[in-house]
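J.: Sequence first, predicted coordinates after that:
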Amino acid sequence: MKWLKFTLALALSIGFAYLGFNLPANFRSVDGRVLASAGKGTQAIQENAQTRLDQDQVGPVRLMREAGLAKFSQEKIDEVTNHQYYYPYTGGPDEHFANFLERIGEKAIGTSLAMLDEESSFSPTIFLLLRESNRQAIEDYLSESESPGITRLLESRGCKGFLLVSPAHPISGAALDMAILATALLIKGNYFTPSLEQWLMEETDLAIRGNDISIQQLKRFYTSVLTLAVYLDWSQLKELIRTYEDWYPLEKTVFLFRNYAGSVAKFKYSSSALKVTGDESEETIEAIVSVEKETSSADYRPLIYTAILFSNNPGGVVNYIEKFQSAAFQDLKTAIKRNDAALALLLDNQLEIYKPPPTLFFMNFAGSFLGKLQIPAFLQFVVDHPILSLILKLIFLTLAGAFLMGDFVTGLGDFNTSRTQPLATRSMNYGLIGIVFALLAVIWVEPTILKGSQPKFDFDVANLFNTVHIEEMTNLANTAVAASDGATNHSATVGIIIGFLLIQLIIFILGLLKLKNIRNENGSTVMKLRLLENEENLFDTGLFVGLAGTVISLILLNVWHLKEASLVAAYASTLFGILFVAVLKIGFVRPYRNQLIREQEMIFEE
């Protein structure tokens, strides 16, 4: 009979564990299989790139190709680039920019792009905007527009706040003129979303009236637009602008472009300047570039650009990179490869993609076999009901732990009469054991649940430019906050947590064994009650050890400079002590003491 019950309990525990681990729902990550299920049947990045290439948007496709996410031959790219004479300068079709190029003529185009070569740090767009005569041609073309918004933008260039140079927002003069004209061209082509265009018009009206806050915000906005014009050709710029509903994510995108440009693009490690020089007869462009020794850092701008265009969610992409920093790029690339719905799911949840931790070392050789045991319907269920999936996973693991460990643990403390305990007491004991098992299983499978949040950037893009002639154009204000020496040591956190947990388990089992010894004593009921009273301190040992662990952890906080690991361990040590002592005394000692008291009363009555 005992073997039958044991076999049944084991079978139930295995079944519930199978269901629990088959639900790929995590607290602080999203499973790659869930992303693949979400992306099934939705648009692939190659399809998106092909559609753009069919529309001659060679500039955006070129960045998708550089990111390693769209596959096109160089011959195909060159073929589309040659569809129009101005595509090499703009990266794609745009009737308004083409009109501007026709007005200035081939000679002015050649002069403007004289310093542009394959190794240039700048896009053709910025060279075409630099010359004053070119900007005058743009102004003449825009002045023919009947749009009141464009008229207000051109009028705003003369407002007092834009003429003054502020140390906090130094863009002015030629740089500001270039940014406003570029913005007006974008509005002419209807590339702004209605919400962003409305904000721009409202702030422009306020700036003309002398509102200082509007002037500061517009300077930051124009700084962002002009900086993107430095990095991107016109087609890339206009397609990027289409995705923004608000100006602040645009500013943050500029910061990411600067910080993750890498040494290949010569933005991060270069000191560059562009100046407009010339006499009355002819203007020329003089470029001064001093490049420091390059390092091997990667250029992530194509990937950032592709993620924003493919998701149409620039705020989500910016927040994701801010949250996970360099680790975000591989996850973004993986999600993009699994189609647009997968990328949308990743950005909506703002979670990293799950990676098996070292605790699941056997996945290296058993992963393919275990993958065959996956229930496909569970994947879509996690996509549709993420919170409910987590709840069900915890319930299944709790039941698995209760059936697997319940009889074993309760048997240590109540070997002979565990079946005679009240149903409520037994259920509570089994439930507590199951909960502990479920928590340990979750930490084992997803140890990142103990990991603290990443520090965000010290973000400020107010000082993108520091002269009126766009000097040091690529030296943006700040860089990402470097990980400090006291950053999270995740391995230390997990190790300390597991260590305290094992200590508490040992103390818990010793308490159960002592309770079993008292039960098996041949003495009287009174003697057993006195023995229980005498062992009260032993039963409370978990609390003492928990408090001691907290003190030790706080000491390590100053000695080893493991700030987060020490704080998490301090909280966990006390929590484990409280939980294990509560289970021991409420679930085992108290019921046995009640039994002894009743037996003593029965003896007195006799």
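T.: Looks like it came in fine. Numbers count the residues shown, from 1 in each chain.

J.: so where's the stretch 251-400 of the chain shaky on pLDDT?
T.: 262-297, 358-371 (pLDDT under 70).

J.: What segments of it are strands?
T.: 270-278, 283-291, 352-353 (DSSP state E, counting those that start in this stretch).

J.: which stretches of the stretch 401-550 of the chain form helices?
T.: 423-445, 490-519, 525-534, 536-539, 541-559 (DSSP state H, counting those that start in this stretch).

J.: which strands and helices sit next to the last one?
T.: When you say that, I think you mean helix 541-559. helix 490-519, helix 563-584 (3 or more CB pairs under 8 Å, 6 or more residues apart in numbering; DSSP states H and E). In this view, the C-beta of every residue, glycine as well, is placed from N, C-alpha and C.

J.: just checking, Gly91 touches Leu240?
T.: No. Look at Gly91 against Leu240 with CB atoms under 8 Å: they stay out of range, at 11.4 Å.

J.: if you count what's nearby, which of those two comes out ahead?
T.: Under the criterion of other CB atoms under 10 Å, the comparison of Gly91 against Leu240 puts Gly91 first, with 28 against 23.

J.: quick one: low-confidence parts of the protein?
T.: Looking at the chain by pLDDT under 70, you get 1-2, 117-121, 164-170, 262-297, 358-371, 406-426, 429, 450-495, 556-569, 605-606.

J.: again, only this time at 50
T.: Residues of the chain meeting the criterion pLDDT under 50: 264-296, 412-419, 458-488.

J.: Show me the protein divided up by domain.
T.: 2-37+356-456+480-605, 94-332 (automatic domain parsing).

J.: Mean neighbour count, these: which tops it?
T.: Mean neighbour count, computed with mean count of other CB atoms under 10 Å, is highest for domain 94-332 among the domains of the chain, reaching a mean of 18.

J.: Span of it from start to end?
T.: End-to-end distance of domain 94-332 (CA to CA, to the nearest Å): 30 Å.

J.: Now find how far off-centre that domain is within its chain.
T.: 26 Å (CA atoms, centre = their mean, to the nearest Å).

J.: likewise stretch 374-389?
T.: With CA atoms, centre = their mean, you get 22 Å for stretch 374-389.

J.: any residues touching that stretch, and which ones?
T.: Among residues not part of stretch 374-389, those counted as contacts by CB atoms under 8 Å, 6 or more residues apart in numbering are 22-25, 31, 33-34, 36-38, 345, 349.

J.: swap in stretch 177-196?
T.: By CB under 8 Å, 6+ apart, stretch 177-196 touches 94-97, 100, 125-126, 129-130, 135, 138-139, 142, 145, 147, 149-150, 153-154, 156-157, 171, 197, 200, 222-223, 225-226, 229, 237-239, 241-247, 470.

J.: ok, back up a step: select, out of the domains of the chain, the one closest to Val61.
T.: Smallest distance to Val61 across the domains of the chain (CB to CB): 9.3 Å, for domain 94-332.

J.: my read: Pro124 touches Thr90, true?
T.: Yes. In this structure Pro124 lies within contact range of Thr90 using CB under 8 Å: 7.5 Å.

J.: which neighbours do the two share?
T.: In contact with both Pro124 and Thr90: 233-234, using CB under 8 Å, 6+ apart.

J.: and Ala335, how many neighbours does it have?
T.: 28.

J.: Tyr85 too?
T.: Neighbours around Tyr85, by other CB under 10 Å: 11.

J.: Next up, phi/psi of Ser29, please.
T.: Ser29 adopts backbone torsions of phi -160, psi 170, taken as degrees, to the nearest 10.

J.: In contact with the closest residue to it other than its chain neighbours, which residues?
T.: Distance criterion CB to CB, 6 or more residues apart in numbering; nearest residue to Ser29, sequence neighbours excluded, is Tyr354 at 4.0 Å. Residues near Tyr354 by CB under 8 Å, 6+ apart: 24, 26, 29-32, 446.

J.: do that again at 7 Å, thanks
T.: 26, 29-32 (CB atoms under 7 Å, 6 or more residues apart in numbering).

J.: Distance to Ala17 and secondary structure added to these, as CSV?
T.: Converted to CSV, these look like this (distance: CB to CB, whole Å; DSSP: H, G, I helix; E, B strand; the rest coil):
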residue, distance to Ala17, secondary structure
Asn26, 16, coil
Ser29, 20, strand
Val30, 22, strand
Asp31, 17, coil
Gly32, 22, helix
